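1. with the sequence up front, the predicted model follows.
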Amino acid sequence: MKPAQATRPPSQAEIQPLLNLLNSGRLAQAEASARSLLRTYPEAFILHNVLGVALEGQQKFLDAAATYRRAIAIDPKVAEIHFNLGVVLGHLDQVEEAIASYRQAVALKPGLAVAHFNLGIILQQHGRLDEAVDAYRRAIALEPGFYEALGNLGTVLQKQGKLEQAIATYHRALAIQPDARGYFNLGTALRDEGKHQEAMDSYLKALEIHPSYADAHNNLGEIFRDRGNMTEAIQCYENAMAIDPDHPNANYNMGEFHSLAKQYKEAIPYFERSRFEDFQERAMECLYKTERFDEFREKLNTMVHSGKKSMMLATLSTHHATNFGVVDEYNFCPDPMRFAWHTNIPELSAPDSPLLKEVLETIDRTPIAARMQGRLYAGMQSAGNLLKRPEPAFQQLAVLVKQKISEYCEHFADENCELIRSFPTDIDFSSSWYLKMKKGGNLGSHIHEEGWISGCVYLKLPKQKVHITDAGFAYSTHGDGYPKQHDDFPTEVVVQEVGDIVLFPSSLFHHTLPFSSDEDRVCVAFDLKPAVANR
């Protein structure tokens with residue numbers, strides 16, 4: 001026989017033992033008790049609520065979602081239940097349903113700050129940054145001391161390239177709660193602005209609060225590296241790995257250090273341990289450079305058929321195919337030389353261009369730290385992400401460069417290759433910097449492993465030349481000391497003018513040619529890449 005179902009709600013005497021079980025963390029017992037009571041009181045909203053919380057606490061998210069939905073069917077006007085449903089739907093990766101639940105919660109109860117906050121989190125996680133900013137701002141307006149919302153807002157603003165706003169927001173959060181994560185985030189934003197010393201100070205504050213913060217040790221090391229102090233950088237990486245032996249970035253950075261020092265055998269285990277970004281390709285490059293071709297080919301074959309989209313894999317595969325006269329089976333970007341594109345930006349190339357003058361003056365007067373660049377001779381490279389800085393000249397230049405990138409994509413739109421098929425849908429500079437060179441200045445051959453499309457805009461060039469190619473830009477499928485069986489690798493040289501822009505696949509080797517006049521050579525270089533899914 002079915003148990004009799006009461007028409008009255010459960011009494012406080014019946015509910016209180018259930019609540020005691022829940023509040024004491026005895027979730028399995030709370031679940032069993034709630035289910036027992038629900039056989040008598042199937043329409044009792046509070047029992048469905050308690051059962052949902054007990055199930056959620058045991059990570060039984062599917063059952064919890066069904067239970068919260070039954071509670072909503074009984075009373076759809078309780079904001080907190082919609083909030084709870086949003087939480088479990090988030091765990092189930094039912095993104096749109098979770099967002100709808102949070103939105104329903106705040107529609108019913110606009111003052112529920114935590115619902116705005118959680119809505120911001122899930123929107124941020126799925127790249128809907130403008131909506132996330134709005135949600136975090138609403139949470140902060142309701143609770144000005146909500147430092148977690150401030151910290152997350154800072155992170156989103158930083159991702160949007162709004163560095164000044166991000167830094168101000170981090171400072172607001174830290175004024176309320178000076179925590180290690182907050183100082184770490186502030187350090188990353190300051191570093192993006194090219195403010196190395198301030199970034200270093202923030203990382204050190206993070207470590208004062210949390211000495212075992214491996215990420216902060218690693219990032220501090222990267223500041224020392226960018227300043228050219230490799231002894232201190234290595235110590236920081238080792239500090240990070242002492243805390244977390246498998247720390248991705250620290251291991252990768254150590255691999256990169258050994259690789260740049262041509263200690264390829266030592267670099268390989270660090271890259272492999274890192275499992276970070278293009279670690280497999282970097283280890284393969286070390287095999288290739290040490291002419292361990294059989295091992296290299298075995299790994300190349302695996303990678304080519306893995307479906308991974310990678311600039312360094314394209315570089316290695318193309319070089320190997322040309323080097324040994326075999327078919328390039330990766331065929332990521334067939335004939336990459338053909339995808340270099342040289343044009344100009346009229347707003348910069350016009351006679352007496354006011355924008356050109358403003359950009360050059362902004363470069364001269366803006367305090368941006370230098371980033372040490374081992375391949376750069378007689379010159380300096382700026383730190384941070386130049387085209388995401390707030391100065392109007394840089395912002396205007398960024399807009400014009402983005403227009404040219406769009407034209408590049410349109411120019412090659414009919415090409416049936418992965419380079420164009422997976423072209424970044426949102427043009428966002430993953431990195432950008434200026435380069436200043438003086439007499440004799442040049443930049444050695446390299447690729448941009450972390451880019452997809454790279455480019456350079458020319459702002460000042462020497463007028464006095466011994467050779468027409470002085471200070472020119474050269475690109476090739478060979479470079480950076482790769483071993484070669486012959487010299488039959490194509491090379492092109494661009495003789496550029498002020499206001500010109502060159503765009504090219506990041507997999508192409510490129511370098512600059514020296515010049516002998518006393519004039520400066522100034523340009524702005526940049527990378528962009530698709531979303532993480534393509535990396």
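-> The structure has been received and is ready for your questions.
2. list the contacts for His486?
-> Asn323 (CB atoms under 8 Å, 6 or more residues apart in numbering). In short, each C-beta sits where N, CA and C put it, glycine included.
3. low-scoring stretches of the stretch 101-250 of the chain, by residue?
-> Of all residues in the stretch 101-250 of the chain, none has pLDDT under 70.
4. can you show me the helices along it?
-> For the stretch 101-250 of the chain, the helices defined by DSSP state H, counting those that start in this stretch occupy 113-125, 129-142, 147-159, 163-176, 180-192, 196-209, 214-226, 230-243, 248-260.
5. same question, the stretch 301-450 of the chain
-> 311-324, 346-349, 354-365, 392-411, 418-421.
6. just the pLDDT at Gly307, thanks.
-> If you check Gly307, the pLDDT there is 87.
7. neighbours around it, how many?
-> Neighbour count of Gly307, defined by other CB atoms under 10 Å: 7.
8. go on, the one 5 residues further on?
-> Taking other CB under 10 Å as the criterion, the count of residues near Met312 is 21.
9. show me what contacts it?
-> Asp278, Glu281, Arg282, Glu285, Ile447, Glu449, Ser507.
10. on that earlier part again, nearest to Tyr237, out of the helices of the stretch 301-450 of the chain?
-> Among the helices of the stretch 301-450 of the chain, the nearest to Tyr237 by CB to CB is helix 311-324 (21.3 Å).
11. how about the closest one: buried residues?
-> For helix 311-324, a neighbour-count test (16 or more other CB atoms under 10 Å) marks 311-323 as buried.
12. output it as PDB, restricted to C-alpha atoms.
-> What follows is helix 311-324 as a C-alpha-only set of coordinates in PDB (Å, rounded to 0.1, in the frame of the first residue of the first chain):
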ATOM      1  CA  MET A 311      52.100  27.400 -35.900                       C
ATOM      2  CA  MET A 312      55.300  25.700 -34.800                       C
ATOM      3  CA  LEU A 313      54.100  22.400 -36.200                       C
ATOM      4  CA  ALA A 314      53.600  24.200 -39.500                       C
ATOM      5  CA  THR A 315      57.100  25.600 -39.300                       C
ATOM      6  CA  LEU A 316      58.700  22.300 -38.500                       C
ATOM      7  CA  SER A 317      56.700  20.300 -41.100                       C
ATOM      8  CA  THR A 318      57.300  22.800 -43.900                       C
ATOM      9  CA  HIS A 319      61.000  23.000 -43.100                       C
ATOM     10  CA  HIS A 320      61.400  19.200 -42.900                       C
ATOM     11  CA  ALA A 321      59.500  18.700 -46.200                       C
ATOM     12  CA  THR A 322      61.700  21.200 -48.000                       C
ATOM     13  CA  ASN A 323      64.800  20.000 -46.400                       C
ATOM     14  CA  PHE A 324      64.400  16.400 -47.400                       C
END
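13. that older thread, tell me which of the helices of the stretch 301-450 of the chain sits most buried.
-> helix 311-324 (a mean of 22; mean count of other CB atoms under 10 Å).
14. between the helices of the stretch 301-450 of the chain, which one is closest to Asp428.
-> Per CB to CB, nearest to Asp428 of these: helix 392-411, 8.8 Å.
15. can you flag which of the contacts of Met312 belong to helices?
-> Glu281, Arg282, Glu285 (DSSP state H).
16. right, and the first one touches Ser317 too?
-> This points to Glu281. No: judged on CB atoms under 8 Å, Glu281 makes no contact with Ser317 at a distance of 9.8 Å.
17. nearest to Ala166, out of the helices of the stretch 301-450 of the chain?
-> Between the helices of the stretch 301-450 of the chain, helix 392-411 lies closest to Ala166; by CB to CB that is 15.4 Å.
18. next, the angle from the closest one to helix 354-365.
-> 120 degrees (axes from the mean of the first three to the mean of the last three CA atoms, to 10 degrees).
19. give me the contacts around helix 392-411.
-> In contact with helix 392-411 (CB under 8 Å, 6+ apart) are residues 341, 343, 345, 347-348, 355, 358-359, 361-362, 386-389, 420, 423, 427, 429, 432, 453, 455, 457, 501, 503, 524, 526, 528.
20. how many neighbours does Pro211 have?
-> Pro211 - counted by other CB under 10 Å - has 12 other residues nearby.
21. swap that for Pro351, sorry
-> Neighbour tally, Pro351, other CB under 10 Å: 5.
22. next, Ser476: phi, psi?
-> Note on Ser476: its backbone torsions stand at phi -160, psi 170 [degrees, to the nearest 10].
23. can you give me the pLDDT of the residue lying closest to it once chain neighbours are set aside?
-> Closest residue to Ser476 apart from its sequence neighbours, by CB to CB, 6 or more residues apart in numbering: Thr491 at 4.1 Å. Note on Thr491: pLDDT of 96.
24. before we move on, the earlier item: for the helices of the stretch 101-250 of the chain, which one sits closest to Ala413?
-> Here helix 129-142 is closest among these (CB to CB), at 27.0 Å.
25. what packs against the closest one?
-> helix 113-125, helix 147-159 (3 or more CB pairs under 8 Å, 6 or more residues apart in numbering; DSSP states H and E).
26. tell me the buried residues in the first one?
-> Which is helix 113-125. Result for helix 113-125 [16+ other CB under 10 Å]: buried residues Ala113, Val114, Ala115, His116, Phe117, Asn118, Leu119, Gly120, Ile121, Ile122, Leu123, Gln124.
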